[in-house]
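No letters, just coordinates:
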């Protein structure tokens, strides 16, 4: 593959680009000026530059410099150093945190880089120039540098051309870059999904063959990537891209095994669509609800179709839930607080669909802190095609939208219906015994 990085960058002067200091946060601008004033090189890089050039609102602004982390800390009073894989400086100004990274160099330079089987496990290697730092960037569109010294843009990897052509292209030889850090495969599809860009053929081709390398990544790190993929407003496209490149089964293998079932697939498609819609409408979303939906298909496979005599249904569901969560932790680590929320949502499915409910139990269920999540999850199941819960959704919807007298009527109708069902079960049992006697 042709070398993508030019030793001499294309420098785009201020009059020829649309990146303005007015589009930057004042905190990031202050950090840049302070570093430059202290005699260090300072650049804005990454998503902040990319998004402004695309006319989007940046989520944050990242700064790179030739100053070492300790030197950055010495310049700013409210600064702390974080990170083990690569040390970063977090500068807090007016409740905003600006991330400052020292130029990175190739992991083979110096003694800070550690490789295992071709994979970078520690890359705390500092560089002395922007050119060295460019090589550590993953995508060309994320390797555009805004120079605070003259307000120009530096383009070492033809990132401007890819940005305006809508192309996701990896810097360097793709197979080698994926082997160095398999998470780059997830970042590639994430940015394609987020920006609506096309992945360059050379960048896309190795992914299906190398996707198994994600098994070597710590599950806790993959959890963070899952949140970025599904809780940033582009969950639908992320899900499609992950499935296309066989990456979804590396993250959620037990769910992927269920996607040949129409209801299971519809459930996942529904929840990612609803997640994007809520984010688009500035409504809150929770990772627990999303993950509960993603793992519901394999969980439901472990549950009996009908209640088992002499077995507590909640205990059966809880045992199945803990089994699924334990297996899933091997791939994507789910924090305990989120796993507890997921189990509460799943257990509410039983309580919301029980046939025999008294007045007190119905009203007390409304006070459950996870009631709304459980109710919304029941609606999700109904919309995905689980016909057996449609009547329950209708009943609860009517119950929630009724006044006190209407609620009493609904509870009375429920009581009569339950008595009929109980009588029908007894009648069928007697009839079956008589038929057997004949």
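Good, I have the coordinates. Quick caveat: nothing in here was measured; it's all calculated off a predicted structure.

Do you have the helices of the stretch 1-150 of the chain handy? List them.
For the stretch 1-150 of the chain, the helices defined by DSSP state H, counting those that start in this stretch cover 26-37, 47-53, 69-75, 130-135.

ok, and what's touching the first one?
Put plainly, it is helix 26-37. Applying C-beta atoms under 8 Å, 6 or more residues apart in numbering, the contact partners of helix 26-37 are 21, 41-44, 48, 61, 63, 65, 67, 72, 75-76, 91, 93-94, 96, 98, 100, 148-149. Bear in mind the C-beta positions are built from the backbone N, C-alpha and C, glycine included.

Run a quick neighbour tally on the residue lying closest to residue 204 once chain neighbours are set aside.
Using C-beta to C-beta, 6 or more residues apart in numbering and skipping residues adjacent in sequence, the residue nearest residue 204 is residue 245, 7.2 Å away. Other residues lying near residue 245 total 21 when counted by other C-beta atoms under 10 Å.

same deal with residue 224?
Residues near residue 224, counting by other C-beta under 10 Å: 13.

Mind giving me the packing neighbours of the regular element (helix or strand) spanning it?
For residue 224, the enclosing helix or strand under DSSP states H and E is helix 219-230. Here helix 219-230 touches helix 183-195, helix 235-244, going by 3 or more C-beta pairs under 8 Å, 6 or more residues apart in numbering; DSSP states H and E.

Give the other helices and strands that the helix or strand that comes right after the longest one contacts.
Later in the chain than helix 183-195, the nearest helix or strand by DSSP H and E is strand 198-199. Using 3+ C-beta pairs under 8 Å, 6+ apart as the contact test, the elements touching strand 198-199 are strand 167-168, helix 183-195.

Now find how far off-centre stretch 363-370 is within its chain.
Between the centre of stretch 363-370 and the centre of its chain there are 29 Å (C-alpha atoms, centre = their mean, to the nearest Å).

what do you get for stretch 286-299?
Taking C-alpha atoms, centre = their mean, one finds the center of stretch 286-299 at 12 Å from the center of the full chain.

what about it, how long is it end to end?
20 Å (C-alpha to C-alpha, to the nearest Å).

Count the neighbours of residue 286 for me.
Residue 286 has 16 neighbours, counted by other C-beta under 10 Å.

Would you agree it is in contact with residue 373?
Yes: using C-beta atoms under 8 Å, residue 286 is in contact with residue 373, at 7.4 Å.

pLDDT (mean, whole number) over stretch 81-101?
On average, the pLDDT along stretch 81-101 is 90.

about what we covered before: who's in contact with the residue nearest to residue 204?
Residues in contact with residue 245 (C-beta under 8 Å, 6+ apart) are 185, 189, 204, 207, 208, 211.

and if you look at residue 348?
368, 370, 371, 373, 374, 375, 377, 378.
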